[in-house]
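Trainee: Here is the input, now give the coordinates:
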Amino acid sequence: MSLDYRTANVKDKANVYDKEGNLTGLAQTIIFACMFVEIGEITEENAEEFFKRISIYELAFDALRQKNGEPIFVTLKEVKAMIGLKTNIADKSFAQFKRGVGDAMMRRLLEKWERAKASTIVKEEVFGSGPKEA
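Mentor: Numbers count the residues shown, from 1 in each chain. Below you'll find the predicted structure:
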């Protein structure tokens, strides 16, 4: 399924499009974040909830943007600047969002565990190197 979006109701188009008419980095970040936070439209009523979810996501997995290798976390002001953005993402409850983040974190941790288990340091220190010869 494609990610579709509409920006017609975003008040300040400078937040959405640059001088060449391309989506700004912020707009791209927020549009794609709709998938992660499982909220399809940013409104006055849900902007703080959207911000809460994107903050949780970024704390769990890292900032969605970087500049010169440094993380740039989405701010409430930036979310509010995108009020009016609408996507084809179906809204889900906070409980569903929380479960999705937890599942994604567990998958990531299990992948790290498998990589660590394969390293010789972990094999020796955690799993032991086997019986030592006398």
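Trainee: So the chain: which segments form each domain?
Mentor: Using automatic domain parsing, the domain parsing of the chain gives 5-92, 97-127.
Trainee: Counting neighbours, which bits of the shortest one end up buried?
Mentor: This means domain 97-127. Buried residues in domain 97-127, counted by 16 or more other Cβ atoms under 10 Å: 97, 101. Using the backbone N, CA and C atoms, a C-beta is placed for each residue, glycine as well.
Trainee: The host helix or strand of residue 49 packs against which elements?
Mentor: When elements are assigned from DSSP states H and E, residue 49 belongs to helix 47-61. Contact partners of helix 47-61 among helices and strands, from 3 or more Cβ pairs under 8 Å, 6 or more residues apart in numbering; DSSP states H and E: helix 25-37, helix 76-81, helix 94-118.
Trainee: Could I get the contacting residues of the spatially most central residue of the chain?
Mentor: What sits nearest the mean C-alpha location of the chain, by Cα atoms, centre = their mean, is residue 57, with 4.7 Å. Contact criterion Cβ atoms under 8 Å, 6 or more residues apart in numbering gives 33, 36, 37, 64, 101 as the residues in contact with residue 57.
Trainee: can you list these in TSV and add distance to residue 109 and pLDDT?
Mentor: Conversion of the contacts of residue 57 to TSV gives the following (distance: Cβ to Cβ, whole Å; pLDDT from 0 to 100):
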residue	distance to residue 109	pLDDT
33	22	97
36	18	93
37	21	97
64	20	95
101	12	95
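Trainee: From residue 91, how far out is residue 26?
Mentor: For residue 26, the distance to residue 91 under the criterion Cβ to Cβ, to the nearest Å works out to 22 Å.
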